[in-house]
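1. using only what follows, build the 3D model:
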Amino acid sequence: MTSRACSETMLRVVPVLVVLTLAAPAVAQTNQSAKSRGPVANTPDQTIKGSAMAVEGDLLTINGMAVRLMGIDAPDPGQKCKNRYGHELDCFKVATAVLANMVKGEEVTCTITEQDRTGEKKGECRVHGVDLGAAMVARGWAFQYASLSPAYQKGESYAQSKRLGLWAGQVEKPWQWRSRQIRQTAK
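-> Next up, the predicted model:
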């Protein structure tokens with residue numbers, strides 16, 4: 001398949017995938033993460049509201065401020081996956097498009113609960129009360145980061161059992177993909 005044919009296929013597939021992912025269950029609307037973690041020492045909760053833009057499947061900018069969705073990991077730039085038919089997709093672009101569709105034209109409210117040593121802000125972001133991290137996981141376009149929070153376990157189990165999003169085909173979990181990239185670069 002030529003790169004032009006792949007691009008044309010992506011343009012037809014992404015809107016269909018977005019529509020299908022919007023049918024995800026109410027499980028994406030509930031999140032117990034606030035009960036399972038608290039603010040990091042010396043980092044008070046900060047609320048940011050405004051229009052957002054998806055930069056990655058787990059990263060937004062709100063009023064120019066970057067916020068990583070806490071507790072999830074979505075495919076990274078350059079990461080490929082295969083759909084149920086074995087065709088290669090740019091799963092980074094698809095996951096980013098799904099998140100972009102969720103925030104398009106909506107006010108997003110993020111509660112920043114952590115800032116890591118590099119200065120990156122992490123938090124829980126919502127649109128109309130729906131936790132965007134939970135929605136991405138339940139729709140199968142991101143993975144729960146179980147080592148950070150077990151909050152999205154049910155959503156991931158649902159997506160996996162229904163073969164939604166990335167679970168429909170073959171994909172390497174982003175943290176495994178990054179580790180493999182580092183090992184290959186080191187050779």
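
2. could you list the low-pLDDT ranges of the protein?
-> Along the chain, the model assigns pLDDT under 70 to residues 1-44, 148.

3. which stretches of it form strands?
-> Using DSSP state E, the strands found in the chain span residues 46-56, 59-62, 65-69, 72-73, 81-82, 88-89, 107-115, 121-127, 130-131, 143-144.

4. ok, which of these comes nearest residue 169?
-> Closest approach to residue 169 among these (C-beta to C-beta): strand 81-82, 4.5 Å. Where C-beta positions appear, they are placed from N, C-alpha and C, glycine not excepted.

5. can you name every helix or strand that the closest one contacts?
-> Applying 3 or more C-beta pairs under 8 Å, 6 or more residues apart in numbering; DSSP states H and E, one finds that strand 81-82 contacts strand 88-89.

6. isn't residue 134 up against residue 155?
-> Yes: counting by C-beta atoms under 8 Å, residue 134 does reach residue 155; the two are 5.4 Å apart.

7. please state the offset of stretch 57-73 from the chain centre?
-> Distance of stretch 57-73 from the chain centroid (C-alpha atoms, centre = their mean, to the nearest Å) equals 9 Å.

8. and if you look at stretch 84-100?
-> Centre-to-centre, stretch 84-100 and its host chain are 11 Å apart (C-alpha atoms, centre = their mean).

9. tell me the buried residues in that stretch?
-> 89-100 (16 or more other C-beta atoms under 10 Å).

10. measure residue 124 to residue 106 for me?
-> As for residue 124, its distance to residue 106 is 16 Å (criterion: C-beta to C-beta, to the nearest Å).

11. same drill for the two, tell me which one is more crowded.
-> Taking other C-beta atoms under 10 Å, residue 124 and residue 106 do not tie; residue 124 has more neighbours (24 against 13).

12. quick check: beta-bridge partners of that one?
-> residue 111 (DSSP bridges).
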